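# quick one, what's the 3D model for this:
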Amino acid sequence: MKISALTLVRGRREHLINLMQSLDAQTRPPDELVIAWMQPTAHVNLPEVGFPVHHVFVEGEALPLARARNAAVEAASFDALVFLDVDCIASPTLIGRYRQALLERAALYIGEVHYLAAGAVPRLESGALDIEALYAEGERHPARPALDEHELRPEPDHGNLWGLSFALMKADHRRAGGMDEGYVGYGGEETDYAWRLESAGVPLFWVGGALAWHQHHAVYAPPWPHFEAIIENARRFHARWGRWCMEYWLDQFAKAGAIRWSPRAADIELLRYPTRDDIERARLPESARFG
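Here you go, the predicted structure:
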């Protein structure tokens, strides 16, 4: 079984370099990397790696995340797909563990992601990533399970799909209809995708040994920079599924007086837009690894 690793990029050049270097250092590297660029041109001076790198360009001023993921799948040469967020650094066994799981059973698999502090991408004197230090530096999100290295754990709630790192077969992606490209900007498209996969009969599992580390970037609570996209995408999700997604964020917006909403509401009533001051106050200190 050959593996296509897929990632989406806008900005984040240094993060992409670290991701590529970590894929090149795998015990079983991917057979190709597909980069879906959500910007007009590719970054220059990317590292040389031991597998082909293919580029696809996806237009859209707002983040076209669903469209970019679908484009990456269609550009992939192989049937086994590993999606990695550009913020991820892959542990050495990540590709191999996803491959092993997909060989045993076609399903949707998610691995652990541990979060790094700002500036915490340790390197050896040679310039290579310091993997031992990364294991020590990463912090598991408290809402996510700790997994044994060889564990496969069924996850009954597809709403727990973690878009930072997951794997599945191209046939299952297509059987579910791919990602809904009507979701534009940040939020909602991954949960919708997970439920489409569940409706298509694709089970979900956690995979031990497929650890990735999340490189630090600015975090906002509430996520005001994505306010409009979250509202519109939540409405789209509710229209399809009859329930809300991103409830945690919607509740934060409601408590801040920006919307009138509850989990039982039929719609979201917009009361005001965030101010520049709202956004600045919501930015968490660099010591915060996640919201």
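# next helix or strand past whichever helix or strand residue 97 is part of?
Take DSSP states H and E as the rule and residue 97 turns out to sit in helix 94-104. Following helix 94-104 in sequence order, the next helix or strand is strand 108-115 (DSSP H and E).
# so that following strand versus helix 94-104, what angle?
160 degrees (axes from the mean of the first three to the mean of the last three Cα atoms, to 10 degrees).
# quick one: mean pLDDT over strand 108-115.
For strand 108-115, the mean per-residue pLDDT is 97.
# with stretch 62-69 instead?
The model assigns stretch 62-69 a mean pLDDT of 94.
# give me the residues contacting it.
Stretch 62-69 is contacted from outside by 6, 8, 10, 36, 38, 58, 60, 83, 178-186, 189, 193, 229, using Cβ atoms under 8 Å, 6 or more residues apart in numbering. The way it works is simple: take the backbone N, C-alpha and C, and place the C-beta from them, glycine included.
# make a ChimeraX selection of the buried ones in those residues.
Restricted to buried positions by 16 or more other Cβ atoms under 10 Å, the ChimeraX selection for the contacts of stretch 62-69 reads:
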select :6,8,36,38,58,60,83,178,179,180,181,183,184,185,186,189,193,229
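# now, the contacts of stretch 62-69 that are in helices?
189, 193, 229 (DSSP state H).
# show me what counts as buried in the helix holding residue 97.
Applying 16+ other Cβ under 10 Å to helix 94-104 flags 94-102 as buried.
# again, but for stretch 72-82
72-73, 75-76, 78-82.
# of these, closest to residue 242?
Ranked by distance to residue 242 (Cβ to Cβ), the buried residues of stretch 72-82 are led by residue 73 at 27.6 Å.
# which stretches of the protein aren't confidently modelled?
Scanning the chain for pLDDT under 70 picks out nothing.
# now do the helices in this structure.
13-24, 65-75, 94-104, 131-137, 170-175, 189-199, 227-241, 247-255, 276-282.
# enumerate the positions of the shortest one that are buried.
Applying a neighbour-count criterion of 16+ other Cβ under 10 Å, the buried positions in helix 170-175 are 170, 172-173.
# so which elements touch it?
helix 65-75, strand 80-84 (3 or more Cβ pairs under 8 Å, 6 or more residues apart in numbering; DSSP states H and E).
# among the ones you listed, which is nearest residue 246?
helix 65-75 (13.9 Å).
# and that closest one with helix 189-199, angle?
60 degrees.
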